[in-house]
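Peer 1: Below are the sequence and a predicted model for it; my questions follow.
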Amino acid sequence: MKFKADEIASVIQKEIEDFRGQIQTSEVGRVLEVSDGIARVYGLQSAMAGEMVEFQTGVRGLVFNLEENSVGVILLGDYLQISEGDEVRTLGTLLSVPVGDALVGRVVDALGNPLDGKGPIVTSETRPVEFMAPGVAGRQPVKQPLQTGIKAVDAMTPVGRGQRELIIGDRKTGKTAVALDAIINQKGGDVICIYVACGQRASNVGAVVEALQRAGAMDYTIVISATASDPAPLQYVAPYAGAAMAEYFMYNGKHTLIVYDDLSKQATAYRQLSLLMRRPPGREAYPGDVFYCHSRLLERAAKLSDELGGGSMTALPIIETLEGEVSAYIPTNVISITDGQIYLQPDLFFSGVRPAINVGVSVSRVGGNAQTKAMKKVAGSLRLDLAAFRELEAFAQLGTELDKATQRQLDRGYRMVELLKQPQYVPLHFADQVFSIYAGTKGYFDLVPVNKVAEVEKEMLQFMREQKSEVRNKMVETKDLDEPALKAALEEFVKTLEGRFKS
């Protein structure tokens, strides 16, 4: 294809006419010292807190401390590439991460760069990692359930869309398992999930991704990985990056569930940065005020008002305790910020009660508002019954003679504990949960030996699905309990058991 000279001349002339000269200015400073993921920089007089800077090696940083003669910068890359005297220039932008549908199903780092080897993430949308939480007028009450698929949680510490429910307990008590079940239970629904691994071992993050893939949950999940081997600044930024990615969907009228696993590790990373920056280490402002660090993160979870689209972000922060010490500084901080907590107890976990939820300490401050009508009806007395059972159990261990009524209460309690046990990665539909809890609390399992409860429960749920599908379908449709129909179905099922188990 040949171009004529006048055509080329006209294109050049148009380019010259449309040219607008732009002068880009950026302040340049020099590195005074660099160590352990932070740098002190001289000469950036007009740098703002939270502004991005770039070093001559290409590594980027975030202005963290503004001091009289220098600025403290946290480095979002390899600090070994930077040396004293290197040039630093301000970028005039806030730290932002890519957001949008292109991230769903991907594993990314704290800055939104892909880690899964599936190629680049193609999206033009970005959001600042620090963003103001919606005010009171921009929110509405939490009254729509977010089903976790775990009987003990949905019945006694229900989670609603827009709620912040803390999962707390010692290490290796199944905290991540509860959060993963909640993610897996959203399959086929309208909730986009985000799992933020903060300070975890890389092998653990790999196992989580594998479990989500096996369950088919990666189709609607974003995994953000800032492992223990990553620099402290990335571990500190990761939860905010997750919140930014979730906010994109929330402000577009969608529903999201975000898991921060775990904020104790983020607090440790933040404390490291704060002490390196020589912020006061007193309890009142525990390096850099870690309370503010967590509160501004968790306040971003909300159920937006209808004017703002009605989207929601539900947060499940995880906190690790030492020796069950829930009254320590970081745990009490996060307990006071959240709308309830699920406390997992090591004794219960090691005795085989899993999920190992301690009913007495666990609470949901949203309560029945985050439950379906059917669940509210059957689970009303469950918490009190279980608490009373635990007391009776302690009393019975003294070896005293028990009257028949007390013995009956104990026997039913043992069966309820068995019913509330649930294997990992097997979340239950809310209708099945209602059937199980109703059958247990109303005594339909009293004939069944304790070691056969799980087996009979499976049979009962299969019976309801296959032979009484009209009762189940009606509950799924209305979210309400048709008690006479359910009673009749359960009585019919119990008759099939009478030959197997003698009273």
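Peer 2: Okay, I see it. Residues are numbered from 1 along each chain as shown.
Peer 1: Using the record's domain definitions, break this protein down for me.
Peer 2: The domain map for the chain lists 28-93, 98-371, 377-497, with the assignment taken from automatic domain parsing.
Peer 1: I figured residue 39 was touching residue 77, is that so?
Peer 2: No. Counting by Cβ atoms under 8 Å, residue 39 sits too far from residue 77 to count as a contact (11.0 Å). Just so you know, the C-beta spots here come from the backbone N, C-alpha and C atoms, and that holds for glycine as well.
Peer 1: Report the set of residues contacting both of those two.
Peer 2: Applying Cβ atoms under 8 Å, 6 or more residues apart in numbering, one finds that residue 39 and residue 77 are jointly contacted by residue 61.
Peer 1: about what we covered before: looking at the domains of the chain, which is nearest to residue 6?
Peer 2: Across the domains of the chain, residue 6 has its closest neighbour in domain 98-371 (37.2 Å, Cβ to Cβ).
Peer 1: Mind checking what secondary structure residue 272 has?
Peer 2: Going by DSSP: H, G, I helix; E, B strand; the rest coil, the secondary structure assigned to residue 272 is helix.
Peer 1: who's in contact with it?
Peer 2: The neighbours of residue 272, taking Cβ under 8 Å, 6+ apart as the test, are 36-37, 232.
Peer 1: Buried only: go through the residues you listed for me.
Peer 2: If you count burial by 16 or more other Cβ atoms under 10 Å, the buried members of the contacts of residue 272 come out as 37, 232.
Peer 1: Of the contacts of residue 272, which is the nearest to residue 47?
Peer 2: Nearest to residue 47 among the contacts of residue 272 is residue 37, at 18.3 Å by Cβ to Cβ.
Peer 1: where does the closest residue to that closest one other than its chain neighbours fall, phi/psi-wise?
Peer 2: Counting by Cβ to Cβ, 6 or more residues apart in numbering, residue 231 is the residue found nearest to residue 37 once chain neighbours are left out, at 4.4 Å. Main-chain torsions, residue 231, degrees, to the nearest 10: phi -60, psi 150.
Peer 1: partners of residue 261 in the sheet?
Peer 2: When assigned by DSSP bridges, residue 261 has beta-bridge partners residue 197.
Peer 1: So it is in contact with residue 177, correct?
Peer 2: No. The pair residue 261 and residue 177 does not pass the contact test of Cβ under 8 Å, sitting 10.8 Å apart.
Peer 1: These two: who's more crowded?
Peer 2: residue 261 (27 against 20; other Cβ atoms under 10 Å).
Peer 1: what residues are up against that one?
Peer 2: Residues touching residue 261, when contacts are defined by Cβ under 8 Å, 6+ apart, comprise 175-176, 179, 195-198, 200, 318.
Peer 1: Once you drop chain neighbours, what's closest to the residue nearest the centre of the chain?
Peer 2: Within the chain, one residue has its C-alpha closest to the average C-alpha position: by Cα atoms, centre = their mean, that is residue 259, at 1.5 Å. Distances taken as Cβ to Cβ, 6+ apart put residue 179 closest to residue 259, at 4.3 Å, once the chain neighbours are dropped.
Peer 1: so residue 107 bridges to which residues?
Peer 2: Here residue 107, judged by DSSP bridges, has bridge partners residue 223.
Peer 1: The residue nearest to the centre of the chain belongs to a helix, doesn't it?
Peer 2: No. With three-state DSSP as the criterion, residue 259 is assigned strand and is not in a helix.
Peer 1: Tell me the pLDDT of it.
Peer 2: Predicted confidence (pLDDT) at residue 259: the value is 98.
Peer 1: Next: residue 495.
Peer 2: Listed pLDDT for residue 495 reads 88.
Peer 1: The one 4 residues further on now?
Peer 2: Looking at residue 499, its pLDDT stands at 72.
Peer 1: Near it, how many residues? Count them for me, please.
Peer 2: Applying other Cβ under 10 Å, we find 7 other residues in the vicinity of residue 499.
Peer 1: quick one: it and residue 479, what's the gap?
Peer 2: 35 Å (Cβ to Cβ, to the nearest Å).
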